[in-house]
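In: return atomic coordinates for the entry below.
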Amino acid sequence: MEKRECVSLSMIIEQIYTGCLAQGAYYIESEGEAALIDPLREITPYLQRAKKNGARICYVFETHFHADFVSGHVDLAKQAGARIIYGPLAETAFDAHIAYDGEIFQLGKLKIKALHTPGHTMESTCYLLSDENGRDIAIFTGDTLFIGDVGRPDLAQKEKNGLTKEKLAGLLYHSLRDKILPLANDIIVYPAHGAGSACGKNMSKETSDTLGHQKSSNYALQPISEVDFITQLTEGLLPPPAYFPENVHMNKEGYEPINQVLNRGLHGLGADEFEQAANATGALIIDTRQAKLFAQGFIPNAINIGIDGSFAPWVGALITDIRQPILIIAPEGREEEVITRLARVGYDYTIGFLKGGFQTWADAGKETNHIPSISPQQLAEALKDDPQLQIVDVRKPDEYEAAHVRQAVNVPLEDINILSSQIDPDRPAFIHCAGGYRSMVFTSILRARGFSHIQDISGGFQAIHLSGIFNIKSSGSKIAENQIP
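Out: Just a heads-up that it's a prediction; the model follows:
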C-alpha cells in the first residue's frame, strides 16, 4: 500500500493506494474524528492509524457496492463502532445509514456532503468535503469519475428490470453534468481506482487531479450530446471478471471476519500433509513464486500466479469458483500476504500452505514438473524448420493489435477458459506475453489440464521484438516498454 497525505491545521486527507487492485481508499481526520472512504478488507492499518493520532473512527463511507474487492466496512463498524454510510437506493443485510441526496455529515470541523450520482451503479454516491469555512476542498468520486475516464455502466445492468447499460450510461451522463460539472475547478478529485482496474476502460495512471483539469481533459466531461456519450461509454467494453457479482454480494450481505480467514489459511503443512490435503479436498494449488522459479520446478497440477504482480485480479479473472479450497506455495514469510490478498477479492477458503515452500516438496523426493523455455533466437530457428508452429500470444487484444509475430494466434490470458480449444494439445505450442508473468500463468494452467507440449518464450514479446529477427505485424501504435503483468 502507498500512502499520500494532504495535511493542514484542521484536517488530514490520506490516500491509501493499493497497486495490485489499482484501488484508492481514503482516511480523513479532523479534531479527533476520523472517517474512511472505500476501505479494504484488512482493517488493522486503519485502526492503528486512528489510534496513533488519538482519533475515533466515526464513519465508513461507501461510494457504492464494489465489485472488484471486498470492503472493510462491516468489520470496521464492529471494531471501531463506526457508522456505515451508503447513498440513496442502497439495500444492505447489515445495519447501515442510507443517506439522502445532499445529506451532510459533520466530521470535526469538516463537512461531508453526499451527492447521489447514479450511473455506474444505481446507489453510486460521491462525497464532497468542505472545510470549516464552507469551502469545498475535495470530492471522493468512487467509480463515478476517474482520472481520464468514468465508471463502466454495465456492472449493475438488470435486463429483466429494463436497467440496461445504455440506461445506466444515460443516468451517468446527467449525474456528471448535474452534480460534478457545476463544482469549482480547484476541487481535488479522489477516485476509487486508477490505471489497471477493470472498472473503467481508459483510466490514467494518476490517482488524483483538479476537477478543472478533468473538465478540460476527460472525454466524459466534454460538451457532447447524451447519445454520443452513451455510444462512447458503451463501445469496447470487455466482459467483467466472473468474480465481480460475488464481491457485490459479499459487500451487500456481509462476510466472514478476515481474522477467521487468516486463522484458517495460516496452517503450515509438511510435504506429506500438503499432499494429503490436496487429495482429500480437491484443493487448487496456487504457487505464488516468480515465474522463472516456478518454471524450474513445481508440484504437478499447481498453477503459477506470482504474488509480485496483479495477483488478486488475475485470481479473480481465472478461478471461476470463489469457494474453491486453496492450498498455497509462497515465498517464505509472505504466506499471510498471499492469504490477505486472496481475501481482498473474496477467495476466503485457503486451507493451508506448504511450510518451507517448494523446497520442502523437492527435499521430500516427491514428483515435480518443469516448464521448458526457448529463446527468441531458438524459436526463429524452429520456425525455419516448421513455419506452422503454434505460437500463442496471451496479451490483451489491444497489445496484440499494436504489434505481434505474424504467425501468432491471440488467446488472451483472461479468455483461457473459453479459447484454449484453439490450441492443439498434441503439437508443441510456444507461449508468450509481454515479459513473462502472464505467459507462465497461462502455461501452468494448460499443463494442469494435460497439455504436455508447452514451452515458454523467454523474455516474452519484448525480447522477441528487440531480437529484430521476426516478421512483426504492426498497427503503427507505439509498443509499450513496460506492459502490465
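In: residue contacts, the closest residue to residue 211 other than its chain neighbours?
Out: Closest residue to residue 211 in three dimensions, ignoring its sequence neighbours and counting by CB to CB, 6 or more residues apart in numbering: residue 187, at 4.5 Å. C-beta: built from backbone N, CA, C; applies to glycine. Taking CB atoms under 8 Å, 6 or more residues apart in numbering as the criterion, residue 187 is in contact with 128, 136-139, 210-211.
In: helices - which of the residues you listed land there?
Out: Helix and strand membership here follows DSSP state H; of the contacts of residue 187, those in helices are residue 211.
In: what's the most distant pair in the contacts of residue 187?
Out: Of all pairs drawn from the contacts of residue 187, the one with the longest distance (CB to CB) is 128 and 210, at 14.5 Å.
In: domain assignment for the chain?
Out: Domain assignment for the chain by automatic domain parsing gives 2-247, 257-363, 373-474.
In: quick one: those domains as TSV, columns for mean pLDDT too.
Out: Output for these, formatted as TSV (pLDDT from 0 to 100):
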stretch	mean pLDDT
domain 2-247	93
domain 257-363	96
domain 373-474	92
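In: measure residue 391 to residue 429 for me?
Out: As for residue 391, its distance to residue 429 is 8 Å (criterion: CB to CB, to the nearest Å).
In: also residue 71?
Out: Taking CB to CB as the measure, residue 71 falls 40 Å from residue 429.
In: swap in residue 358?
Out: For residue 358, the distance to residue 429 (CB to CB) stands at 25 Å.
In: and residue 285, which of the three is it?
Out: Under DSSP: H, G, I helix; E, B strand; the rest coil, the three-state class of residue 285 is strand.
In: bridged to it, which residues?
Out: residue 327 (DSSP bridges).
In: for residue 37, same thing?
Out: Beta-bridge pairing for residue 37 (DSSP bridges): residue 26, residue 61.
In: helices of the stretch 351-485 of the chain, start to end?
Out: Taking DSSP state H, counting those that start in this stretch as the criterion, the stretch 351-485 of the chain contains helices spanning 358-363, 376-385, 397-402, 416-419, 437-448, 460-467.
In: what's the first one in contact with?
Out: Outside helix 358-363, the residues that touch it by CB under 8 Å, 6+ apart are 270-271, 274, 287, 289, 293, 297-299, 329, 354, 356, 368.
In: got a ChimeraX select line for the buried ones in those?
Out: When burial is assessed using 16 or more other CB atoms under 10 Å, the buried subset of the contacts of helix 358-363 is captured in ChimeraX by this command:
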select :271,274,287,289,293,298,299,329,354,356
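In: surely residue 460 meets residue 434?
Out: Yes - distance between residue 460 and residue 434: 5.1 Å, which falls inside the contact criterion (CB atoms under 8 Å).
In: in space, what's closest to residue 426 - neighbours in sequence excluded?
Out: Closest residue to residue 426 apart from its sequence neighbours, by CB to CB, 6+ apart: residue 453 at 7.2 Å.
In: the one you found contacts residue 423, doesn't it?
Out: No - taking contacts as CB under 8 Å, residue 453 lies outside contact range of residue 423: 9.8 Å.
In: need the overlap of contacts for the two.
Out: Taking CB under 8 Å, 6+ apart as the contact criterion, the common neighbours of residue 453 and residue 423 are residue 429.
In: the two - which one has more neighbours?
Out: Between residue 453 and residue 423, counted using other CB atoms under 10 Å, residue 423 has the larger neighbour count: 19 against 15.
In: tell me the contacts of the more buried one?
Out: Contact analysis of residue 423 by CB under 8 Å, 6+ apart lists 390, 392, 409, 411, 429, 446, 451.
In: just residue 315 next, same as before
Out: Listed by CB under 8 Å, 6+ apart, the contact set of residue 315 reads 286, 305, 342, 345, 347.
In: ok, now residue 300?
Out: 367-369.
In: let me know the closest of the residues you listed to residue 178.
Out: residue 369 (58.3 Å).
In: give me the nearest residue to residue 470, chain neighbours excluded.
Out: Of all residues beyond its chain neighbours, the one nearest residue 470 is residue 405 (5.2 Å), with distances taken as CB to CB, 6+ apart.
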